[in-house]
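Chemist: any chance you could fold what I've pasted below:
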Amino acid sequence: MTDEVLQQRWKTYQDAWSDVTIEERLHLLRSVLIEDIPFSNPDDQDQGIERLADSIADFQKSTPGGYFRNTLLCQQHGQLLVAWTLFDRNDVPLVNGHSYGTFDEDTGQITRLAGFWKL
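Modeler: Predicted coordinates for the structure are as follows:
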């Protein structure tokens with residue numbers, strides 16, 4: 001998968017974290033993730049797109065209008081590493097973090113996600 005394609009897929013995933021309807025969030029997630037995706041972060045560990053969408057909805061409740069900007073995205077052998085900054089709705093940076101994932105090199109679907117940050 002080219003870096004450009006992977007960056008677009010990751011952007012679609014991150015767009016699901018923005019202030020969108022649940023229907024739009026599920027549509028975005030299903031377009032780039034496997035249905036039973038395992039995911040983890042400092043606050044949560046679970047599996048499945050529906051559960052991830054619930055976790056994202058909780059994030060939007062606690063950080064209304066929050067969004068991410070990437071500072072690095074690299075890949076190797078079906079793995080990706082992303083460095084990002086979380087901003088509030090007023091463009092104030094809140095936290096820096098990293099996400100690690102795996103993806104199917106044939107389909108491009110993301111198959112595992114893990115987020116790392118410290119508040």
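Chemist: so which residues of the protein form helices?
Modeler: Applying DSSP state H to the chain gives helices spanning 3-15, 22-32, 49-62.
Chemist: including distance to Val92, mean pLDDT and mean neighbour count, could the ones you listed go into CSV?
Modeler: Placement of C-beta: from N, CA and C, glycine included. Converted to CSV, those look like this (distance: least, CB to CB, whole Å; pLDDT from 0 to 100; neighbours: other CB atoms under 10 Å):
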stretch, distance to Val92, mean pLDDT, mean neighbour count
helix 3-15, 18, 94, 16
helix 22-32, 24, 98, 16
helix 49-62, 15, 95, 15
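Chemist: now distance to Arg89 too, for these, in JSON lines please.
Modeler: Listed next are the helices of the chain as JSON lines, based on distance: least, CB to CB, whole Å:
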{"stretch": "helix 3-15", "distance to Arg89": "15"}
{"stretch": "helix 22-32", "distance to Arg89": "17"}
{"stretch": "helix 49-62", "distance to Arg89": "10"}
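Chemist: distance-wise, check the residue in the chain sticking out farthest from the centre relative to Asp36.
Modeler: Within the chain, the residue lying farthest from the chain centre (CA atoms, centre = their mean) is Asn90, at 20.7 Å. As for Asn90, its distance to Asp36 is 36 Å (criterion: CB to CB, to the nearest Å).
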